[in-house]
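Visitor: Dropping a prediction and its sequence here:
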Amino acid sequence: MAETEIKNTKKITKKQKAVLDFIAKTIDETGIAPTVRDICEGLGLSSPSTVHVHLKTLEDKGLIHRDPLKSRCITIVGHERKAADIGAEEKEAPVGTGDFSNIVSLPVIGNVAAGQPILADQNITETIPLPTEIVGDSSSFLLKVRGDSMVEIGINDGDYVVVEEGPVANNGDIVVAVVDDGATVKRFFKESDHIRLQPENSTMDPIITTDCAIAGKVVAVFRRL
């Protein structure tokens, strides 16, 4: 496999260059980009947040492109110049949270049944960095969907839904509702003497209840490939 070459003359720090070289080397050897965990392990870095800072800087400088909604989504921009040829500044720039001005790490909280409600696990299983343009601010959280009751609007088993936390919903909103000690993703309708939680699957019946709590509204959905 031919060596990946990079076209860019903008200066980067030694550590940023090491990250860039590692990405290029991994793509050359495996045909796919490394994950943040791969970069941490390959370069002996202990903090994934440090890698995210370097990746954002490299993207801002036009050296890489990332799709924040996919895993292994880093691509090298340009193919005329090797990473090793890019000038590296001797002094390392400080790493701080300022570089995360448009990225927020959202907690993944348990799983959600998008079929019959199941007990919702409220433990945070991981955090995922996502752009604020898509997910809003840090008051949102993520839940993993189980079941196929929402497939007709593109929410599938195993997808992650981005939930804007709040107890209020309007008719027609897609919500995470807590019913009978379980959490479920449904379309919300408040009717005369009950609440209807409507699935988006023509083979399934709605949940009719007089007692449910709204955990939040679904504002986005994504899946890992």
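Guide: Okay, I see it.

Visitor: make it CA atoms for all contacts and neighbour counts henceforth
Guide: Noted.

Visitor: domain parsing for this structure?
Guide: As assigned by automatic domain parsing, the chain contains the domains 12-89, 104-222.

Visitor: Report the buried residues of stretch 177-184.
Guide: Applying a neighbour-count criterion of 16 or more other C-alpha atoms under 10 Å, the buried positions in stretch 177-184 are 177-179, 182-184.

Visitor: In helices, which of those appear?
Guide: Within the buried residues of stretch 177-184, no residue falls in helices by DSSP state H.

Visitor: Closest one of those to Ile109?
Guide: Looking at those and their distance to Ile109, the nearest is Ala183, at 11.2 Å (C-alpha to C-alpha).

Visitor: Okay, that closest one and Leu197: tell me how far apart.
Guide: Counting by C-alpha to C-alpha, to the nearest Å, the gap between Ala183 and Leu197 amounts to 12 Å.

Visitor: Next: Ile32.
Guide: On the measure of C-alpha to C-alpha, Ile32 and Leu197 end up 42 Å apart.

Visitor: How about Val51?
Guide: Val51 sits 42 Å away from Leu197, taking C-alpha to C-alpha as the criterion.

Visitor: More neighbours: the two, which one.
Guide: Each of Val51 and Leu197 has its neighbours counted (other C-alpha atoms under 10 Å); Leu197 has more, 25 against 21.

Visitor: Looking at the buried residues of stretch 177-184, which is nearest Pro167?
Guide: Here the nearest of the buried residues of stretch 177-184 to Pro167, counting by C-alpha to C-alpha, is Ala177; it sits at 9.3 Å.

Visitor: shouldn't that closest one be in contact with Phe189?
Guide: No. Counting by C-alpha atoms under 8 Å, no contact exists between Ala177 and Phe189, whose distance comes to 11.5 Å.

Visitor: For Gln198, report the pLDDT, please.
Guide: The confidence metric pLDDT takes the value 96 at Gln198.

Visitor: and Glu29, how far is that from Thr209?
Guide: Glu29 sits at a distance of 56 Å from Thr209 (criterion: C-alpha to C-alpha).

Visitor: Asn156 now?
Guide: Note on Asn156: its distance to Thr209, by C-alpha to C-alpha, is 24 Å.

Visitor: Looking at those two, which one has more neighbours?
Guide: The residue with the greater number of neighbours, taking Asn156 and Thr209 and applying other C-alpha under 10 Å, is Asn156; the counts read 21 against 14.

Visitor: got a list of what the more buried one touches?
Guide: The neighbours of Asn156, taking C-alpha atoms under 8 Å, 6 or more residues apart in numbering as the test, are 145-148, 150.

Visitor: Ala213 contacts Ala169, correct?
Guide: No. Taking contacts as C-alpha under 8 Å, Ala213 lies outside contact range of Ala169: 10.2 Å.

Visitor: who's more crowded, the two?
Guide: The residue with the greater number of neighbours, taking Ala213 and Ala169 and applying other C-alpha under 10 Å, is Ala169; the counts read 18 against 15.
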